[in-house]
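Asker: this one's structure only:
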């Protein structure tokens, strides 16, 4: 049976989505092409009908995952983002979580095209978070950007540190709890000191 162009595009998108999830779970080197294609429901040989190499798929899957992260952040104020991001649920849900926290370390050792995708993805996430902050219209844009940058870097670092510990380790939870409280306190302080404000959700 002849496969339609629409079906080919749908199959490719499914492979990319599957790869994005598996790469977040196991890292770029933790899953091979054959296993990846099997997980997507296709044969190994079919891979090269869609991609020139695993590296090409890695770049496309990274772009897809980073786009999803930015989309999920839309409409969340910085404090709301921190509550969701620096959490045990996110820590344990590596396959469905943020691509930056899951693959940032791996990306640093990858070719420039993957680093380029990460740079674009980080910029898009910063834009989404800054757009949702409560900074007044006349706020210094550099200060507003710096606040979001600081919050994001600390949030990503907290999740990465927690994941580096054994799953059941008390330290894994302590890292998340302490970092979440400190980041939220910092956001509240910035709000009270006249710096760009962040929405703190009510208890």
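Answerer: Arrived safely. The structure displayed is predicted, hence computed values, not measured ones.
Asker: what's the closest non-adjacent residue to the residue nearest the centre of the chain?
Answerer: The residue lying closest to the centre of the chain (Cα atoms, centre = their mean) is residue 98, at 2.5 Å. Nearest residue to residue 98 in three dimensions, chain neighbours excluded: residue 69, at 4.9 Å (Cβ to Cβ, 6 or more residues apart in numbering). Quick note: C-beta positions are derived from backbone N, CA and C, even for glycine.
Asker: can you tell me the helix or strand for the one you found?
Answerer: Using DSSP states H and E, residue 69 falls within helix 54-73.
Asker: my read: the residue nearest to the centre of the chain touches residue 156, true?
Answerer: Yes: under the criterion of Cβ atoms under 8 Å, residue 98 makes contact with residue 156 at 7.3 Å.
Asker: OK, contacts around the residue nearest to the centre of the chain?
Answerer: 69, 85, 90, 156, 159 (Cβ atoms under 8 Å, 6 or more residues apart in numbering).
Asker: residues near the closest residue to the third one other than its chain neighbours, how many?
Answerer: Distances taken as Cβ to Cβ, 6+ apart place residue 97 nearest to residue 90, at 5.1 Å, with adjacent residues excluded. By the measure other Cβ atoms under 10 Å, the count of residues near residue 97 is 24.
Asker: which phi and psi does residue 97 have?
Answerer: The phi and psi torsions at residue 97 (degrees, to the nearest 10) take the values phi -90, psi -160.
Asker: wait, what's in contact with it?
Answerer: Residues in contact with residue 97 (Cβ under 8 Å, 6+ apart) are 24, 90-91, 159.
Asker: can you map out the helices along the protein?
Answerer: Residue ranges of the helices in the chain, as given by DSSP state H, are 5-26, 33-40, 54-73, 78-85, 88-92, 99-107, 112-131, 141-163, 170-192.
Asker: of the ones you listed, which is nearest residue 48?
Answerer: Closest to residue 48 of the helices of the chain is helix 33-40 (Cβ to Cβ; 9.0 Å).
Asker: any low-confidence regions in the chain?
Answerer: Along the chain, the parts satisfying pLDDT under 70 run over 1, 134-139, 191-203.
Asker: rerun at 90
Answerer: Counting by pLDDT under 90, the chain has low-confidence residues at 1-8, 43-46, 48-49, 75-78, 130-144, 167-168, 188-203.
Asker: one step back: tabulate the helices of the chain (CSV), appending distance to residue 47 and mean neighbour count.
Answerer: Putting those into CSV (distance: least, Cβ to Cβ, whole Å; neighbours: other Cβ atoms under 10 Å) gives the following:
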stretch, distance to residue 47, mean neighbour count
helix 5-26, 8, 17
helix 33-40, 5, 16
helix 54-73, 8, 20
helix 78-85, 33, 22
helix 88-92, 30, 16
helix 99-107, 20, 21
helix 112-131, 18, 17
helix 141-163, 29, 18
helix 170-192, 36, 16
